[in-house]
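Q: what's the 3D shape of this:
(2 chains)
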Amino acid sequence: GAGVSQSPSNKVTEKGKDVELRCDPISGHTALYWYRQSLGQGLEFLIYFQGNSAPDKSGLPSDRFSAERTGGSVSTLTIQRTQQEDSAVYLCASSLNVGPYGEQYFGPGTRLTVT
Amino acid sequence: TQLLEQSPQFLSIQEGENLTVYCNSSSVFSSLQWYRQEPGEGPVLLVTVVTGGEVKKLKRLTFQFGDARKDSSLHITAAQPGDTGLYLCAGAWYSGGGADGLTFGKGTHLIIQP
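A: Below is the predicted model of the structure:
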């Protein structure tokens, strides 16, 4: 079956513009996660969804970041008024169940460059 | 805040050699996962270890979870050029109020030279 897909694969935007990143999880996976990967910083957890609900948004770097999930499937991560420090690869993952034993399957990521 | 220290950060060895990558934390994790990531792709899960002292083998790769569930190691025997990649350890914990995301180490960049 199809894996996790993300779009766009690459996005170049000017500082101050808004961007929207999309994630299509594996069908039937109830949990969805967003991470950010920066050079030298490793993967940073941003937010997770159980169904359409995000119980904890404290991992989002600032109030310019928001995420939503609709229909228990597609999720979008929105960054408003982008800054150069937002440049990174944004990875989405999904898993069948919530919990520490669930295997997370990652998409290929969206590489965001803010100029 | 749970932190995972991964070492070494970079490792370049010759084909056929053995190597070990370490992942250490001061926190106890519910489980620990090892991923491998290639350029332009997302991480791919290699193994999940759950029980303290657990050892799992995947062909030439041996994964071990520490008795106290605070550390783990990945050992590769007779490394091959195809083993080249970024190896990431990731710890998971269950807060009781819901699942949190994985805490990743910064990764080990492994290069196996023919």
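Q: Okay, now the unreliable bits of the chain?
A: Using chain A here. Within chain A, the stretches with pLDDT under 70 are A:1, A:40, A:98-102.
Q: The intended chain is chain B.
A: Ranges of chain B meeting pLDDT under 70: B:1-2, B:94-100.
Q: For it, what lies in contact range of chain A?
A: Applying Cβ under 8 Å from any Cβ of the partner chain, we find that chain B lies next to chain A at B:29-31, B:33, B:35, B:40-45, B:48, B:50, B:88, B:90, B:92-94, B:97-107. (Each C-beta comes from the backbone N, C-alpha and C, glycine too.)
Q: Could you pull up the residues touching the spatially closest residue to A:Asp24 that is not a sequence neighbour?
A: If the residues on either side of it in the chain are set aside, A:Asp24 comes closest to A:Ser5, at 4.5 Å by Cβ to Cβ, 6 or more residues apart in numbering or on different chains. Listed by Cβ atoms under 8 Å, 6 or more residues apart in numbering or on different chains, the contact set of A:Ser5 reads A:23-24, A:107-108.
Q: Tell me the spacing between A:Ser5 and B:Leu102.
A: Separation of A:Ser5 from B:Leu102 (Cβ to Cβ, to the nearest Å) stands at 20 Å.
Q: what's the answer for B:Glu54, then?
A: For B:Glu54, the distance to B:Leu102 - Cβ to Cβ - is 18 Å.
Q: Just want to know which of the two has more residues nearby.
A: B:Leu102 (28 against 18; other Cβ atoms under 10 Å in any protein chain shown).
Q: which ones are touching that one?
A: Residues in contact with B:Leu102 (Cβ under 8 Å, 6+ apart) are A:33, A:35, A:43, A:45, A:104, B:33, B:90-92.
Q: State the number of residues packed around residue 69.
A: By default, I'm working from chain A. So A:Arg69, with other Cβ under 10 Å, has 21 neighbours.
Q: hm, I was asking about chain B
A: 22.
Q: my read: it touches B:Phe29, true?
A: Yes. Using Cβ atoms under 8 Å, B:Arg69 makes contact with B:Phe29 at a distance of 5.6 Å.
Q: gap between the nearest residue to B:Asn18 once chain neighbours are set aside and chain A?
A: Spatial nearest neighbour of B:Asn18, excluding adjacent residues (Cβ to Cβ, 6+ apart): B:Thr77 at 5.3 Å. Using Cβ to the nearest Cβ, to the nearest Å, B:Thr77 is found at 25 Å from chain A.
Q: burial count for B:Thr77?
A: 13.
Q: and it, what does it touch?
A: By Cβ under 8 Å, 6+ apart, the contact set of B:Thr77 is B:18, B:60-62.
Q: For the chain, just list every one of the helices.
A: Here I'm looking at chain A. Applying DSSP state H to chain A gives no helices.
Q: you looked at the wrong chain, it should be chain B
A: Under DSSP H, chain B gives no helices.
Q: The residue nearest in space to the middle of chain A: what's it in contact with?
A: Among the residues of chain A, the one closest to the centroid is A:Trp34, at 3.3 Å (Cα atoms, centre = their mean). By Cβ under 8 Å, 6+ apart, A:Trp34 lies in contact with A:23, A:45-48, A:67, A:75, A:77, A:90-92.
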